[in-house]
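>>> here is the input, now give the coordinates:
(chains A, B, C and D)
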There are 4 protein chains.
Amino acid sequence: MERSSKEVGVALIGSGRMGSFHGGTVSRRLRGTRLVAVADPAPGAAEALAGALDADRAYTDAAQVWADPEVDAVVIAAPARFHAGLVVAAAEAGKHVFCEKPMALSLPDADRAVAAARAAGVALQVGFNRRFAPDWQAARALLDAGTIGTPRLLRSLTRDPGGFDPAHVPPGTIFLETLIHDFDTLRFLNPGAEAVEVYAVADALVEPAWRDRGLLDTAVVTVRFDNGAVGTAEACFEAAYGYDVRGEVFGPGGTATLGDGRRTTMVFSGAGGRTAETVGSDQELFAGAYTAELAAFADAVRTGAPAPVTGQDARAALAIALAAAASVAGNRPVRLDEVTG
Amino acid sequence: MERSSKEVGVALIGSGRMGSFHGGTVSRRLRGTRLVAVADPAPGAAEALAGALDADRAYTDAAQVWADPEVDAVVIAAPARFHAGLVVAAAEAGKHVFCEKPMALSLPDADRAVAAARAAGVALQVGFNRRFAPDWQAARALLDAGTIGTPRLLRSLTRDPGGFDPAHVPPGTIFLETLIHDFDTLRFLNPGAEAVEVYAVADALVEPAWRDRGLLDTAVVTVRFDNGAVGTAEACFEAAYGYDVRGEVFGPGGTATLGDGRRTTMVFSGAGGRTAETVGSDQELFAGAYTAELAAFADAVRTGAPAPVTGQDARAALAIALAAAASVAGNRPVRLDEVTG
Amino acid sequence: MERSSKEVGVALIGSGRMGSFHGGTVSRRLRGTRLVAVADPAPGAAEALAGALDADRAYTDAAQVWADPEVDAVVIAAPARFHAGLVVAAAEAGKHVFCEKPMALSLPDADRAVAAARAAGVALQVGFNRRFAPDWQAARALLDAGTIGTPRLLRSLTRDPGGFDPAHVPPGTIFLETLIHDFDTLRFLNPGAEAVEVYAVADALVEPAWRDRGLLDTAVVTVRFDNGAVGTAEACFEAAYGYDVRGEVFGPGGTATLGDGRRTTMVFSGAGGRTAETVGSDQELFAGAYTAELAAFADAVRTGAPAPVTGQDARAALAIALAAAASVAGNRPVRLDEVTG
Amino acid sequence: MERSSKEVGVALIGSGRMGSFHGGTVSRRLRGTRLVAVADPAPGAAEALAGALDADRAYTDAAQVWADPEVDAVVIAAPARFHAGLVVAAAEAGKHVFCEKPMALSLPDADRAVAAARAAGVALQVGFNRRFAPDWQAARALLDAGTIGTPRLLRSLTRDPGGFDPAHVPPGTIFLETLIHDFDTLRFLNPGAEAVEVYAVADALVEPAWRDRGLLDTAVVTVRFDNGAVGTAEACFEAAYGYDVRGEVFGPGGTATLGDGRRTTMVFSGAGGRTAETVGSDQELFAGAYTAELAAFADAVRTGAPAPVTGQDARAALAIALAAAASVAGNRPVRLDEVTG
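Numbers count the residues shown, from 1 in each chain, chains lettered A, B, ... in the order given. Sure thing, here's the model as predicted:
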């Protein structure tokens, strides 16, 4: 069939919250992709999601994915500690790879993942979805046009809606899984520059009882870049008002502020004053960006064009996250070359 | 094939600006629909668009569409004067119908269209796309929840970007093709109420030279409803800043304002002050709404659920438009029952 | 004393809501003015307010004001039906006059007031305070600079906070006392143009029981100007969210929107979404404008410069109000020359 | 004279940019104060400003102020290095003191100033004007009401319009004169908490050539508080778009954002998109706050009520500034007790 031949066969690895969402995008929101398989080792999980999303097959072992000839590409949404290994295995099986952030939890793992993809000649794209959101793209366009000039100050923040279960949040999460988005944003909004030093403060303010177990739920990170710019990344695991992501880039030409946080632009004024609904989740705030990043990935797979967010981008953001964690541990500024060796 | 059997086969009738856009939505943005055919009597037009959108067939005669067994439904985007006749013919051929506004240019034609669809048992949906835009839906939700109460004042406005060619704008366009959206919005935001009297002023302020030929490019219409509410609809064919659609509904509980007009929520502050990009076209402003209305139509076709915007809605907005035109002609308020007989 | 000689001696006529406020402005917020006297026929009223505001004298008869040599100027804030007579008497006594709107309730009265001030060579300024508000001045500056071009569409609205007592609202209030501000705004934002025809709809939607007594609490007025522009003025006596005044002027160069309605620009996002406080009263919304108009009046008194809002402005807005009332009575558009003769 | 007896006689010390502005407030914008004298050692400076502001006397020596019996209170707007000494001298002369920030450049000086005022029983208020701005007060009201809860994250930023002359900016200015406002804001928005540790990065990004002379024009400071909250203060000496001051306080109940930066709320949409004017200077942005702080000071003088911003507030902000400077010098976090000893 001519039409089918154009479709990119995708397998989803991991059927949790983000996996389900990405699977739904492949299956329901994108054209030109086909959800061939869902893989998840948890009993019944892959089957349930495959059924819900009309995927052809459910696997409990990733090896089945590697062996499936109809799978052109994989979307990795397993727990973070498995990401790098899965990228390597997928690449070695000749599958194109879209990997949720963080691509790896250590720099050697990141290097292995990048090397495997390169050796296999497959596309490797990382899930820094904010790069695909309209405000972020518009600010980057101003930067690329020279309107803002060389950035002097940058900011990126992430605040999650409440309700997380501290028992299921590994130490380091705030840097490796949350702020890594903000570290990437700082890089995205400071094109061509790289971080040189990081200072971070972090604490357990939402769940003070978990401080001793290393769970940090609130953090502020200062990042110095090699072009002099100073960026601030900030996160908290509990925002009463929903999911809040904002940013700013300020240079000699002016400043661009990013992120609005409203669900719609409808505004109601009533006896309680003026009100607007706020966004409740990342999947709501970035619905379009999540679709756009997978569309870009599918295009890269189809056309051989380079993936728009690379393994090197993942590695660079990871290095900042590791430096931030080291900074908290030592309560001192940490140079990037201390962690990148 | 199971998967194909679920797809709704769509033929597009009319390959102009809105036709191309709707065709692209069917072909590229929606899942579960298939663009079977494009029909357009202009030599080569259907073929060109069919090629661009990967449609299976190109027709120059609508009768070919009626005869095509793979066509489940049609999207009518021909010039307005052909709409009603096409709705009737499509319905008689057993095709479900999505018709761009205005569904008809006279009330008898509107009645014929509605009757034909009912007799054939096909879905008939009209292209009042704003009902599917987030702000409009959010305001309606406040109304349905009783938060606003019975509306007292309503407003809806449409301002098109400049550059229209007066030679190609038939008289009546501002009421029948532009403000008809606003008349529908006033009804949508005043649920259960109907217009009883209309007063309209209109003039050729953009192209004064065309006033004598009856081209009115600027209009303000006051609509009284049977629940006491007073609505204002306003349009102009030329806005320097792009495509501007806004609305408001005000009742005892408060007021909801709709429409933002910004392309993104990124804001740039520079030497020229604070700036934000504005939206340039209806297709940009309502991209999501255009997709959503066709998705809803496809669902109605698939499931047999009632179409969310009916032929009666089209008729009611048309009656207001006709009353507005009569009001301008006579420079007096015109009761709806004068035009609906 | 040199310093005192520069002070403008002011008498306040009327000690009600606006009188108290203007008196407070003269006494507490402006420098260079001195509240010499408060006059009010109600027993004890003038005395009480004079005491509260440190005015030197309290009068129960306006004639005492005319005779007071320390009174350079009067601020008239009595009930509207007394305005014109007080303006005439004050002018004849050689006092400069600031008169709250409406300056008169009939065109002959307006003419008498204007003539008396002219004959006496005193300043006559009318309380169209919005002209002194920053947004209104900024929009007018864009008009004066030619940025907007000749207006095509205008809008001005007023919504009062709830709680009015219908027993104390004379018929015609919505046009003569409320919308007269909006009519002035439409003129202010359409410089050099004059109204030629008016169509108004009005109803008792807040207090339906009072419809029979002629109390109209909700109105929409369409005003055509001699330069083709069409303005809409809208009012309602009850807004759940406070005091709401907004406007818009749209021309070939673009559109300016006026009025924000927020008490501060502080925004709170909490579990109920995003909220902002709204303004509760005209005195809060226009606090600066009320001070600025009296400062301008005091300057006019001191320097002999022309008052920035004239008796002719008051007359022109009154004519629109009278035409609007006639339009409601006849349910037809009314030409201005029908009321101005 | 009864009326005069209520007036607070004020002497202005320093006739520069802020001195002129404060003098104008005393002389022209506030009621109940009288500008008795202007003092400035520069030849002719005091005389010129005294003439412009109708002050009674011009002095070239502050000792003349101390000896003037009509001077009840002084407004100190001399260069920062003279502040503490002037506060002490004024207090010893029995004059109430309003001192521009920073009140002192060292903690011992700050202690001396506080002690002198206390010993003399005079009011001592410091010019942290932002505390009097509506957004700041509204956010503080939310904090005082418990709506936000204990702050977790705070932010305050200051960006000045461009055009400063590096030759006249002493080292330390960004911490001691600019960010000291932000440090005070962080304290104001974290009521009852005190800073415990500071980390600062700063650089010469606007004027790189001056880096060697110690001029830092761009800085980001992280401040940890004893209640766990983390604040970020950020400043830059050059913003292309004017004077920009914003803030945020985020706690378990939600987040309040402060500062808008627009000159008016009038918005113009034209061919260049949507635009709004931005504020050009601190005196424009905080015009009302500057008046309000002096009104509060005058009230404190008149009534004996405590000044709303105290010498202790000045000392606490100064300590943060000194810690920030030390942090930059050592590139390490600095505990407050290291500088407060």
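>>> can we go C-alpha only for contacts and neighbour counts from here?
Noted.
>>> any idea how far the nearest residue to A:R262 once chain neighbours are set aside is from A:A139?
Excluding the flanking residues, the one nearest A:R262 by CA to CA, 6 or more residues apart in numbering or on different chains is A:T278, at 4.3 Å. Shown here: A:T278 relative to A:A139, a distance of 22 Å by CA to CA, to the nearest Å.
>>> with A:R152 instead?
14 Å.
>>> again with A:R29
26 Å.
>>> higher neighbour count, these two?
A:A139 (25 against 18; other CA atoms under 10 Å in any protein chain shown).
>>> could you list the buried residues of the strand or helix carrying the more buried one?
Assigned by DSSP states H and E, A:A139 belongs to helix A:134-144. Judged by neighbour count using 16 or more other CA atoms under 10 Å in any protein chain shown, the buried positions of helix A:134-144 are A:134-140, A:142-143.
>>> what's the closest of those to chain C?
Lowest distance from chain C to the buried residues of helix A:134-144 (CA to the nearest CA) belongs to A:D135, with 19.7 Å.
>>> what about A:V71, which SS state?
coil (DSSP: H, G, I helix; E, B strand; the rest coil).
>>> how many residues are close by it?
Count around A:V71 with other CA under 10 Å applied: 21.
>>> how about A:G304?
Neighbours of A:G304 (other CA under 10 Å): 13.
>>> which residue is the nearest non-sequential neighbour of it?
Distance criterion CA to CA, 6+ apart; nearest residue to A:G304, sequence neighbours excluded, is A:A123 at 7.7 Å.
>>> identify the residues contacting that neighbour.
Neighbouring residues of A:A123 by CA atoms under 8 Å, 6 or more residues apart in numbering or on different chains: A:96-98, A:117, A:300-301, A:304, A:306-307.
>>> buried ones among those?
Applying 16+ other CA under 10 Å to the contacts of A:A123, the neighbour count classes A:96-98, A:117, A:300-301, A:306-307 as buried.
>>> inside helices: which ones of the residues you listed?
Filtering these for membership in helices, criterion DSSP state H, returns A:117, A:300-301.
>>> ok so, going back, now, the most widely separated pair of the buried residues of helix A:134-144?
A:P134 and A:L143 (14.2 Å; CA to CA).
>>> how about the residues of the stretch 151-300 of chain A near chain D?
A:152, A:201, A:203, A:205-206, A:218, A:220, A:222, A:228, A:230, A:238-241, A:251-254 (CA under 8 Å from any CA of the partner chain).
>>> how about the helices of the stretch 201-341 of chain A, start to end?
Under the criterion DSSP state H, counting those that start in this stretch, the stretch 201-341 of chain A contains helices at A:282-285, A:287-303, A:311-330, A:336-340.
>>> buried deepest among those, which one?
Neighbour counts (mean count of other CA atoms under 10 Å in any protein chain shown) averaged over each of the helices of the stretch 201-341 of chain A peak at helix A:311-330, with a mean of 23.
>>> can you tell if that helix touches chain D?
No - Helix A:311-330 stays out of contact with chain D when judged by CA under 8 Å from any CA, the minimum separation being 10.7 Å.
>>> against which helices or strands is that helix packed?
In this structure, helix A:311-330 makes packing contacts with helix A:107-120, strand A:124-126, helix A:179-188, strand A:195-203, strand A:334-335, helix A:336-340, judged by 3 or more CA pairs under 8 Å, 6 or more residues apart in numbering or on different chains; DSSP states H and E.
>>> out of these, nearest to C:A89?
That would be helix A:179-188 among the helices and strands packed on helix A:311-330, by CA to CA, at 70.7 Å.
>>> tell me which residues are up against the closest one.
Taking CA under 8 Å, 6+ apart as the rule, helix A:179-188 contacts A:101-102, A:128, A:130-131, A:140, A:154-158, A:193-195, A:231, A:233-235, A:313-314, A:316-318, A:320-321.
>>> shaky segments in the stretch 101-250 of chain A?
Low-confidence segments of the stretch 101-250 of chain A (pLDDT under 70): none present.
>>> can you tell me the closest non-neighbouring residue to the residue in it that chain B sits nearest to?
With CA to the nearest CA as the measure, A:D135 is the residue of the stretch 101-250 of chain A nearest to chain B, at 4.8 Å. Leaving aside its sequence neighbours, A:D135 sits nearest to B:M266 (CA to CA, 6+ apart; 4.8 Å).
>>> show me what contacts the one you found?
By CA under 8 Å, 6+ apart, the neighbours of B:M266 are A:134-136, A:138-139, A:256-260, B:276.
>>> would you map the strands across the stretch 1-150 of chain A?
Ranges of strands within the stretch 1-150 of chain A are A:8-13, A:33-39, A:57-59, A:73-76, A:96-99, A:124-126, based on DSSP state E, counting those that start in this stretch.
>>> tabulate these (TSV), appending distance to chain C.
Formatted as TSV, the strands of the stretch 1-150 of chain A follow (distance: least, CA to the nearest CA, whole Å):
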stretch	distance to chain C
strand A:8-13	35
strand A:33-39	36
strand A:57-59	39
strand A:73-76	33
strand A:96-99	33
strand A:124-126	31
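>>> for chain D, find the nearest of those strands.
Here strand A:124-126 is closest among those (CA to the nearest CA), at 29.5 Å.
>>> mind giving me the domain ranges of chain A?
Following the assignment in automatic domain parsing, chain A carries domains at A:2-122, A:130-286+A:317-340.
>>> which residue does the stretch 51-200 of chain A have closest to chain D?
For the stretch 51-200 of chain A, CA to the nearest CA, closest residue to chain D: A:R152, 6.9 Å.
>>> my guess is that residue contacts A:T232, does it?
No - counting by CA atoms under 8 Å, A:R152 stays clear of A:T232, with 11.3 Å between them.
>>> so who does A:T291 touch?
Here A:T291 is in contact with A:25, A:29-30 (CA under 8 Å, 6+ apart).
>>> and for A:A195?
Neighbouring residues of A:A195 by CA under 8 Å, 6+ apart: A:187, A:223-226, A:320, A:336.
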